[in-house]
Structure formats: C-alpha cells, structure tokens
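Q: only geometry, no sequence info:
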C-alpha cells in the first residue's frame with residue numbers, strides 16, 4: 001500500500017497502541033513508483049499488520065477512518081481527472097466489487113465527494129488526463145474525441161456475445177479508427193467507418209487460428225508474475241525463466257502454489273458467468289479511464305486496450321491455476337473471482353514491469369493469448 005509523506009510515522013505511532021510489536025517489524029517498506037521512491041505499508045505475506053482476524057482494521061476501530069493512510073481510505077475507488085470531469089471507478093481487488101454487493105456507485109455521490117475532498121484532491125492519487133490523448137503511433141485526439149471513442153469501446157464490450165467477440169469488437173473499432181485517421185479522415189468519418197467495418201474485421205480475425213509467438217508468451221508470463229505479491233523480484237524473475245523453459249509454478253494470492261504443467265492440464269474456458277464478470281471488469285476499466293495514460297504506464301488508448309486484453313488472458317490463466325490447485329479439471333465462477341482479485345491487486349504494483357513495456361505491448365499478440373485461454 002503506497003504511503004504519502006509523513007503517513008509512515010503516523011501509522012507506526014498509532015499502531016504501537018493496538019498491534020503487537022512483533023507484527024510491526026518491517027511493516028514499513030520502500031518501492032519505486034514511476035520516477036520516485038515511496039514508503040509502503042506491508043506486513044508478512046503482504047498482509048497489512050493492522051488487519052485483524054475478522055478482516056477489520058485495528059486502527060480504524062480505535063481511532064476512526066480519518067486516522068488511516070489515504071490509500072486505505074480511498075480503496076476501492078479510483079479517481080481520474082479529465083478536462084470535463086473526474087471519472088470514478090472501482091478496484092476489483094475488493095471482493096464486494098467482484099460480487100456487485102452494496103449500494104451502486106451511482107448512488108454513493110455524497111460518500112464519493114467526501115472521500116475525494118479528504119483523501120484524493122491535491123494528492124498523487126488523483127490521476128490526470130490532458131487536453132490531448134494519444135490514440136496510437138503518431139495519432140493524437142483532443143479529449144472531446146477521445147471521450148467519444150472510449151464510450152464506443154465500452155459499448156462494444158457491453159454488447160451481447162462471447163467475451164472474445166466483445167473484446168475483439170472494441171479492438172476492431174480502435175484499430176479501424178486509428179487507420180482512417182492516419183489516412184487523413186476526420187474523427188467523425190473515421191469512427192463511422194470503424195463502426196461499419198468492425199463486424200467484418202471481427203469475423204475475419206476470429207476465423208484465423210491463434211498464434212502467440214515467444215515474445216508474446218514471455219510478456220504474458222511477466223505480467224502473470226507481477227500478480228504474485230508475496231515474493232521478491234529476484235524470486236519472480238527466477239520463476240519466470242523457469243516457466244519459459246516449461247517448468248516453474250504459479251503462486252496464488254490465497255496461499256500455496258501450483259505447477260505450470262498442472263495449470264495447463266485444466267481445459268481453457270471460464271463459463272458464461274465467468275466471461276460476464278470479466279466483461280464487466282473490462283468495461284469498468286474503459287469507463288473509469290484507468291487503462292491508459294498516468295494510470296497505466298503512460299500507454300496510448302490502443303496500448304491500454306492491448307494491456308486489458310493481455311490482463312484478461314492472465315486472469316483466465318489464474319482461474320485455471322486455482323482450479324488446478326484444488327485438483328479440479330474445470331474452472332468455476334469462484335476461480336474466476338479469485339483470479340480477478342489477484343490480477344487487480346497485482347497490477348497496482350507496476351514497479352515489477354520491465355522498461356519499454358509499451359513497446360513490447362505493441363508487438364504482442366494479446367488477443368491470441370486470450371483466445372488460447374478461453375477456447
């Protein structure tokens with residue numbers, strides 16, 4: 001959990017009154033966030049030392065919500081400032097979000113406003129989008145056009161159909177729009193042409209056999225390893241090299257590990273309910289604007305879409321890993337939920353990503369990787 005300046009001292013002072021001293025050893029760590037070094041809060045096994053057996057916060061219980069670090073108070077909300085509004089999203093690392101429990105976000109305006117004013121506004125937790133947005137290589141859009149395109153992509157993902165059809169539909173619209181803009185069309189003409197040609201492109205793409213080259217598989221494994229929060233960078237890299245040779249294991253957020261070969265023995269596929277959950281997560285990332293720019297490695301819109309597709313394939317693989325860990329031969333909806341929680345929690349720790357990640361994404365067969373995990 002990232003900490004703001006001075007929060008580590010405040011946490012240690014309050015924690016000393018309610019948490020046994022042995023649990024506070026190495027509670028404060030350090031991490032790299034972009035270009036800066038920050039202090040972090042993490043206990044044994046990456047579990048916060050203030051978290052009690054009933055999953056409630058000891059500091060919150062004694063001193064109130066305002067005494068917790070701002071990152072804790074914000075969770076599970078995300079905030080992205082655009083030229084026209086602040087987009088509010090939700091982290092799927094939160095089980096209530098995955099289960100769609102509680103009051104809908106649209107009915108929490110007063111609470112969201114209070115969280116924003118007290119813990120977000122004026123801090124680095126408020127991510128920002130400028131007046132121009134990169135669509136792809138050499139193509140930029142004014143925010144007004146980018147906002148329209150993002151809404152179009154989210155609409156494509158929320159349509160009926162399989163997850164592959166929805167995701168591929170969004171990718172087709174993005175790619176065709178970029179191509180026509182490069183050819184000199186106006187944005188309105190380019191988007192209309194993309195709408196008209198998307199269905200044919202989706203059919204063509206999904207009719208060809210998936211092909212994931214070695215680089216694509218390596219990037220898949222790199223992203224997968226970034227979700228393993230309880231292991232050192234050295235351990236992650238060692239496991240990565242082992243997995244590239246056909247061995248290694250997958251470490252699960254709930255504890256334990258499972259051999260790569262055992263995961264691959266579980267047939268691909270998430271079931272209709274699992275695909276619907278991933279589609280909801282995918283559309284939420286689009287609408288909250290957390291898939292590109294400051295929120296995601298400074299990626300373009302097209303690069304961010306590739307990242308979401310690649311991430312979905314990692315989630316599907318993690319779901320198979322949870323099934324394999326329990327010696328089952330089919331993925332359940334609970335496996336998909338566990339995989340998505342691990343994915344969304346791990347993706348916040350972006351210091352594990354290699355340099356040049358955006359360039360690697362551009363040549364990665366993200367859709368083909370997802371196809372191999374779903375069918």
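A: Thanks, I have it. None of these values were measured; they are calculated from a predicted model. Residues are numbered from 1 along each chain as shown.
Q: which residue ranges form the helices in the stretch 101-250 of the chain?
A: Using DSSP state H, counting those that start in this stretch, the helices of the stretch 101-250 of the chain run over 109-115, 143-157, 163-182, 187-207, 214-226, 233-244.
Q: give me the low-pLDDT residue ranges for this protein?
A: Residue ranges of the chain with pLDDT under 70: 32-35, 43-46, 229-247, 347-356.
Q: just to revisit the earlier point, got TSV for the helices of the stretch 101-250 of the chain, with distance to residue 365 and mean neighbour count too?
A: The way it works is simple: take the backbone N, C-alpha and C, and place the C-beta from them, glycine included. TSV is the format used below for these (distance: least, CB to CB, whole Å; neighbours: other CB atoms under 10 Å):
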stretch	distance to residue 365	mean neighbour count
helix 109-115	38	13
helix 143-157	20	19
helix 163-182	12	22
helix 187-207	11	16
helix 214-226	4	20
helix 233-244	16	15
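Q: Now distance to residue 368 too, for those helices, in TSV please.
A: Converted to TSV, the helices of the stretch 101-250 of the chain look like this (distance: least, CB to CB, whole Å):
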stretch	distance to residue 368
helix 109-115	38
helix 143-157	18
helix 163-182	11
helix 187-207	9
helix 214-226	7
helix 233-244	18
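Q: Ok, which of these comes nearest residue 27?
A: Closest approach to residue 27 among the helices of the stretch 101-250 of the chain is made by helix 233-244 (19.6 Å; CB to CB).
Q: need the contact list for residue 282.
A: Going by CB atoms under 8 Å, 6 or more residues apart in numbering, residue 282 touches 157, 166, 167, 308, 312.
Q: What separation do you get for it and residue 157?
A: From residue 282 over to residue 157 the distance is 5 Å, taken as CB to CB, to the nearest Å.
Q: Mutual contacts of these two, please.
A: Residues touching both residue 282 and residue 157 by CB under 8 Å, 6+ apart: 166, 167.
Q: ok so, going back, please identify which pair of the contacts of residue 282 lies farthest apart.
A: Largest pairwise distance in the contacts of residue 282, by CB to CB, is 11.6 Å, between 166 and 308.
Q: re earlier: tell me which of the helices of the stretch 101-250 of the chain approaches residue 70 most closely.
A: So among those, helix 109-115 is nearest, using CB to CB, at 9.3 Å.
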